[in-house]
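> Below are the sequence and a predicted model for it; my questions follow.
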Amino acid sequence: QVQLVDSGGGLVQAGGSLKLSCAASGRTFSNYAMGWFRQAPGKEREFVAVLSSSGRFTTYADSVKGRFTISRDNARNTVYLQMNSLKPEDTAVYYCAAGTHTGRRAYEYDYWGQGTQVTVSS
């Protein structure tokens, strides 16, 4: 089992920045690819970014490419999502997830955080 705890969400104005964190405990964190997803009210959960277990491979959704950066610190068992140039359409609950593959689909991930709310005002 892997336990994930998301944090760092909040209210920010458009154009601002936030950095989300996801702290992991349990099984060896460095063995897992780590992803971020988000879900806005009335919408399906969507892929945001993923980082391979080694940290060498990343993929981003087109909607966040160039604005968001995913990173990990295996010594701290933590994955981060730096979000810059935020837009109102980025408003959602953000979830981190751990899996064995660097997929874009939620079903490919085995463990999930509880989510952290990000609200971007215009």
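In hand now; what should we look at?
> Distance-wise, check the spatially most central residue of the chain relative to Ser122.
Geometric centre of the chain, nearest residue: Trp36, 2.5 Å, by CA atoms, centre = their mean. To Ser122, Trp36 is 23 Å away according to CB to CB, to the nearest Å. Yep, even glycine has a C-beta here, placed from its N, CA and C like the rest.
> Likewise for Ala40?
From Ala40 to Ser122 the distance is 15 Å (CB to CB).
> do Phe37 as well
From Phe37 to Ser122 the distance is 23 Å (CB to CB).
> Can you pull the phi/psi pair for Asp6?
phi -90, psi 150 (degrees, to the nearest 10).
> Based on its surroundings, how many neighbours for it?
23 (other CB atoms under 10 Å).
> Was I right to think it contacts Tyr95?
Yes - using CB atoms under 8 Å, Asp6 is in contact with Tyr95, at 6.5 Å.
> okay, and the common contacts of the two?
Common contact partners of Asp6 and Tyr95 (CB atoms under 8 Å, 6 or more residues apart in numbering): 113-116.
> out of the residues you listed, which are buried?
Using 16 or more other CB atoms under 10 Å as the burial test, the shared contacts of Asp6 and Tyr95 include 113, 115-116 as buried.
> Redo the shared contacts of Asp6 and Tyr95 as CSV? Include pLDDT, secondary structure and distance to Glu89.
Putting the shared contacts of Asp6 and Tyr95 into CSV (pLDDT from 0 to 100; DSSP: H, G, I helix; E, B strand; the rest coil; distance: CB to CB, whole Å) gives the following:
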residue, pLDDT, secondary structure, distance to Glu89
Gly113, 97, coil, 22
Gln114, 97, coil, 23
Gly115, 97, coil, 18
Thr116, 98, strand, 17
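> Kindly indicate which of the residues you listed lies nearest Phe68.
Thr116 (14.4 Å; CB to CB).
> Quick check: that closest one touching Asp6?
Yes - taking CB under 8 Å as the definition, Thr116 is a contact partner of Asp6 at 4.2 Å.
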